[in-house]
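Enquirer: please find the sequence and the predicted model below.
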Amino acid sequence: MCGIVGLVAKDNCYSRILSTLGRLEYRGYDSAGIALLSEKGFSVRKKKGGVSNLAGEPLAGKTGIGHTRWATHGAPSDANAHPHIAGKFALVHNGIVENYAALKAELLREGETFLSETDSEVIVKLIARAYRGDFFAAVSSVCARLEGAYAIAVLCEDCPEEIVCAKYRSPLVAGVSCDALYVCSDAPALSGEADAIAAARDGEFIHIRDGKITFCDREGNRLERAFTPVTEQERMRDRRRGTFMEEEIFDIPRALSDTLAALRRTDFAPCARAMRSAGKVFAVACGTAFHAALAFKDTVEREVKIPVLCHTSSEFRYRDPLVGKGDLVVAVSQSGETADTLEAARLARSRGAYILAITNVARSSLASLADFSVAMRAGPEIAVAATKSYNCQLLCLYYVAAELCFFRHTRYPAYMAELSALPAAATAAFGTFSAMDSLAQRLQGAQGMYFLGRDADVRTAAEGALKVKEIAYVFAEGYAAGELKHGTLALIEDGFPVLAVATRADLFRKTENALEEVRSRGAYTALFSQCEAISESCADFKCRLPAVCEALMPIIAVIPLQYFALRMCALRGYDPDKPRNLAKSVTVE
Ligand code: M6R
């Protein structure tokens with residue numbers, strides 16, 4: 001959940017690392033730091049807080065490493081910020097060393113002292129002790145002792161213009177440009193810096209030396225790896241709006257359009273066998289992606305008439321799931337690096353299941369471990385709160401559901417003929433934003449709120465509630481409207497906000513009844529629907545959604561809710577791009 005960068009460059013090393021860290025900051029923003037190596041040794045600047053705190057007189061050196069932190073071991077502080085130094089070595093680390101306590105105890109027994117509370121400092125101490133004049137061998141031998149997850153970049157004072165990196169279950173890529181060599185946690189952070197990228201796999205090392213980047217195994221044997229140009233999809237776009245989240249909401253029509261075009265080019269033939277004869281179908285994901293996975297379950301069960309077992313990845317991996325040979329597991333993850341989803345996919349794969357990944361990052365760990373990967377075209381999503389990736393996940397999953405229909409000779413879903421209408425409908429949904437602003441102004445002081453729905457609208461309600469919790473810090477719950485009377489109704493009192501989504505015409509009245517019931521008990525009610533009947537509703541606040549066919553409405557209905565959460569956040573005085581305690585890519589358990 002941290003971001004790391006390493007660089008060997010003829011000039012502007014400090015400013016290049018600084019700007020790369022700026023693009024990595026979405027991975028963690030508790031503290032940041034840089035170490036540069038020159039003939040005088042290391043110069044280090046590290047500070048609690050954001051990357052902007054590192055601005056100042058550039059440090060000298062042609063080789064450097066940088067870090068932006070999401071704290072796991074030890075509170076955010078200058079001392080716990082990376083890089084960590086021991087003897088002739090400086091290190092940055094992303095991941096968690098699970099056996100760090102045992103390793104630290106051993107080092108303490110041998111007389112070492114520590115400047116930080118981090119697990120990462122243990123690694124650099126071990127490297128310093130293992131060093132016998134061979135930089136690579138010292139790093140490699142220490143990695144063999146580490147349990148958990150790590151992407152590290154290490155400098156050694158004896159080896160100018162050299163960086164040794166290792167990767168295990170935390171992402172790491174290498175990048176090249178005409179005058180610089182990079183390692184970095186992700187490809188988009190290198191946009192504008194590197195021209196071509198190659199990703200490391202688990203257990204591999206990247207060695208920058210003599211002006212070259214080499215991928216190698218733990219013995220230092222060279223591994224062939226092709227560098228490919230940074231793709232348009234990986235390129236970070238210039239931000240024209242105040243926050244990334246706003247920018248990303250306004251990018252939804254483009255993201256849907258590009259994703260649809262990519263889906264139409266995708267050849268699903270390699271999935272044919274798995275789709276045709278899968279014994280069981282599973283979907284695994286976390287957070288927002290889990291809501292998309294639930295929508296997939298709804299769609300497949302309705303259209304293909306086969307059950308889908310949908311699990312949050314963290315539960316799936318620890319409950320001895322009934323997954324086995326010949327099953328199909330759809331793993332959904334924007335980043336493709338979420339530790340729980342990766343482990344769920346690995347577990348399923350180890351039992352012989354076929355893994356179909358839906359991810360926004362083509363070079364991600366999930367894409368590389370899956371048997372087949374459907375690449376979304378949302379483009380880099382920087383704000384911690386997922387927005388455009390959710391709309392695109394739904395689109396991809398509806399498409400996959402249709403492929404399942406095709407391979408299982410079930411009637412092809414009618415919604416497939418309507419997909420082209422989505423980008424325009426998403427643009428039309430922006431027309432609700434001034435009303436969302438008014439609603440947010442009305443509700444900005446609320447202590448909590450409910451989001452209701454039925455069928456697919458429950459997924460939209462849950463996603464709206466997650467957004468409000470995540471960035472506006474207001475308790476919110478997405479609930480099935482029919483469940484209200486079974487307990488929840490007791491919490492309704494004067495002015496309590498209840499927002500309902502009702503996009504199925506045949507269920508509209510039922511959802512409206514639930515809203516009436518809370519309204520008659522004093523709740524403040526808001527209704528979101530494309531159905532004509534909304535004009536007669538007694539809800540206190542009504543939002544008319546742009547219409548697409550009902551089956552696709554979840555892709556559109558969530559947009560006003562995403563914007564509502566953004567406005568709630570802004571009105572309450574928070575930064576939507578950096579919600580407290582969170583990071584974009586949850587690469588630790
Ligand atoms: O990268 P992933 O899709 O695997 O991430 C899963 C969740 O961590 C993510 O969707 C999270 O819930 C979002 N920040 C919610 O907005």
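Expert: Sure thing, it's come through. Residues are numbered from 1 along each chain as shown.

Enquirer: now do stretch 394-401: distance to the chain's middle.
Expert: Offset of stretch 394-401 from its chain centre (CA atoms, centre = their mean, to the nearest Å): 19 Å.

Enquirer: dump it to CSV, restricted to CA.
Expert: Output of stretch 394-401 as CSV, limited to C-alpha atoms (Å, rounded to 0.1, in the frame of the first residue of the first chain):
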residue,chain,number,x,y,z
LEU,A,394,-20.2,-3.5,-14.3
LEU,A,395,-20.0,-3.2,-18.1
CYS,A,396,-17.3,-5.9,-18.3
LEU,A,397,-19.2,-8.2,-16.0
TYR,A,398,-22.5,-7.8,-18.0
TYR,A,399,-20.4,-8.6,-21.1
VAL,A,400,-19.0,-11.7,-19.5
ALA,A,401,-22.5,-12.8,-18.5
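
Enquirer: could you pull up the residues touching Val284?
Expert: Val284 is in contact with 293, 310-313, 316, 329-332, 341, 344-345, 348, counting by CB atoms under 8 Å, 6 or more residues apart in numbering. In this view, the C-beta of every residue, glycine as well, is placed from N, C-alpha and C.

Enquirer: and of those residues, the nearest to the ligand?
Expert: Thr341 (5.2 Å; CB to the nearest ligand atom).

Enquirer: element containing that closest one, please.
Expert: helix 339-350 (DSSP states H and E).

Enquirer: which helices and strands sit right next to that helix?
Expert: Counting contacts by 3 or more CB pairs under 8 Å, 6 or more residues apart in numbering; DSSP states H and E, helix 339-350 is packed against strand 281-285, helix 313-316, strand 328-333, strand 354-359, helix 365-369.

Enquirer: returning to what we had before: which among the contacts of Val284 gets closest to Met416?
Expert: Met416 has its nearest neighbour among the contacts of Val284 in Val330, at 18.0 Å by CB to CB.

Enquirer: so that closest one sits right up against Leu356, yeah?
Expert: Yes - assessed by CB atoms under 8 Å, Val330 is found in contact with Leu356 at 5.0 Å.

Enquirer: pull up the overlap in contacts between those two.
Expert: Between them, Val330 and Leu356 share the contacting residues Val400, judged by CB under 8 Å, 6+ apart.

Enquirer: how near is Leu322 to Ala446?
Expert: In this view, Leu322 and Ala446 are 41 Å apart by CB to CB, to the nearest Å.

Enquirer: which one of these two is surrounded by more residues?
Expert: Legend: neighbour count by other CB atoms under 10 Å for Leu322 and Ala446, higher for Ala446 (18 against 11).

Enquirer: in JSON lines, list the contacts of Val284 along with distance to the ligand.
Expert: Below are these laid out as JSON lines (distance: CB to the nearest ligand atom, whole Å):
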{"residue": "Ala293", "distance to the ligand": "10"}
{"residue": "Cys310", "distance to the ligand": "14"}
{"residue": "His311", "distance to the ligand": "14"}
{"residue": "Thr312", "distance to the ligand": "10"}
{"residue": "Ser313", "distance to the ligand": "8"}
{"residue": "Phe316", "distance to the ligand": "13"}
{"residue": "Val329", "distance to the ligand": "15"}
{"residue": "Val330", "distance to the ligand": "13"}
{"residue": "Ala331", "distance to the ligand": "9"}
{"residue": "Val332", "distance to the ligand": "7"}
{"residue": "Thr341", "distance to the ligand": "5"}
{"residue": "Ala344", "distance to the ligand": "11"}
{"residue": "Ala345", "distance to the ligand": "11"}
{"residue": "Ala348", "distance to the ligand": "16"}
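
Enquirer: of those, closest to Glu246?
Expert: For those, the nearest to Glu246 is Val332 (24.4 Å; CB to CB).

Enquirer: so the closest one makes contact with Ala285?
Expert: Yes - Val332 lies in contact with Ala285 (CB under 8 Å); the separation is 3.9 Å.

Enquirer: which of these two has more residues huddled nearby?
Expert: A direct count of neighbours by other CB under 10 Å for Val332 and Ala285 places Val332 higher, at 34 against 29.

Enquirer: pLDDT value on that one, please?
Expert: At Val332, the predicted lDDT confidence score is 98.

Enquirer: contacts only, for it.
Expert: Applying CB under 8 Å, 6+ apart, the residues near Val332 are 283-285, 289-290, 292-293, 296, 341, 357-359, 393, 397.

Enquirer: and for Ser177?
Expert: So Ser177 contacts 193-195 (CB under 8 Å, 6+ apart).

Enquirer: now the buried members of the residues you listed.
Expert: 193-194 (16 or more other CB atoms under 10 Å).

Enquirer: Leu571: which of the contacts of Ser177 is nearest?
Expert: For the contacts of Ser177, the nearest to Leu571 is Glu193 (36.5 Å; CB to CB).

Enquirer: and that closest one, helix, strand or coil?
Expert: coil (DSSP: H, G, I helix; E, B strand; the rest coil).

Enquirer: so it makes contact with Ser15?
Expert: No - if you go by CB under 8 Å, Glu193 and Ser15 don't touch, sitting 11.0 Å apart.

Enquirer: what's the overlap in contacts for these two?
Expert: Joint contacts of Glu193 and Ser15 (CB under 8 Å, 6+ apart) do not exist.

Enquirer: which parts of this structure sit against the ligand?
Expert: 286-289, 333-335, 338, 341, 384-386, 466, 470, 585-586 (CB under 6 Å from any ligand atom).

Enquirer: rerun at 5 Å
Expert: 286-289, 333-335, 338, 385-386, 586 (CB under 5 Å from any ligand atom).

Enquirer: got CSV for those, with distance to Lys167 too?
Expert: CSV is the format used below for the residues of the chain next to the ligand (distance: CB to CB, whole Å):
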residue, distance to Lys167
Cys286, 22
Gly287, 24
Thr288, 26
Ala289, 23
Ser333, 18
Gln334, 20
Ser335, 16
Thr338, 17
Ala385, 28
Ala386, 25
Val586, 17
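
Enquirer: so which of these wins on neighbours?
Expert: Of these, with other CB under 10 Å as the count, Ser333 tops at 35 neighbours.

Enquirer: ok, now which ones touch whichever residue of the stretch 151-300 of the chain sits closest to the ligand?
Expert: Closest residue of the stretch 151-300 of the chain to the ligand, CB to the nearest ligand atom: Gly287 (1.9 Å). With contacts defined as CB under 8 Å, 6+ apart, the neighbours of Gly287 are 386, 466.

Enquirer: ok, now how distant is it from Ala426?
Expert: Taking CB to CB, one finds Gly287 at 21 Å from Ala426.

Enquirer: what of Ser438?
Expert: Distance from Ser438 to Ala426, by CB to CB: 21 Å.

Enquirer: for Leu395, same thing?
Expert: The value you get for Leu395 to Ala426, if CB to CB is used, is 10 Å.

Enquirer: identify the contacts common to the two.
Expert: With CB under 8 Å, 6+ apart as the test, Leu395 and Ala426 both reach 256, 555.

Enquirer: and stretch 482-497, which residues are buried?
Expert: Buried-residue list, stretch 482-497, by 16+ other CB under 10 Å: 482, 484, 488, 492, 496-497.

Enquirer: what's the first-to-last distance across it?
Expert: With CA to CA, to the nearest Å applied, stretch 482-497 spans 17 Å between its terminal residues.

Enquirer: so how far is it off the chain centroid?
Expert: 33 Å.

Enquirer: residues contacting that stretch, please?
Expert: 443, 446, 448-450, 452, 454, 477, 479, 498, 510, 514, 517-518, 521-526.

Enquirer: returning to that earlier point: tell me which of Ser438 and Ala426 has more neighbours.
Expert: Comparing Ser438 with Ala426 by other CB under 10 Å, the one with more neighbours is Ala426, at 25 against 12.

Enquirer: ok, the more buried one - contacts?
Expert: Contacts of Ala426 by CB under 8 Å, 6+ apart are 252-253, 256, 391, 555-556, 559.

Enquirer: the host helix or strand of it: what's the following helix or strand?
Expert: Assigned by DSSP H and E, Ala426 belongs to helix 422-429. Once the chain leaves helix 422-429, the next helix or strand it forms, by DSSP H and E, is helix 433-443.
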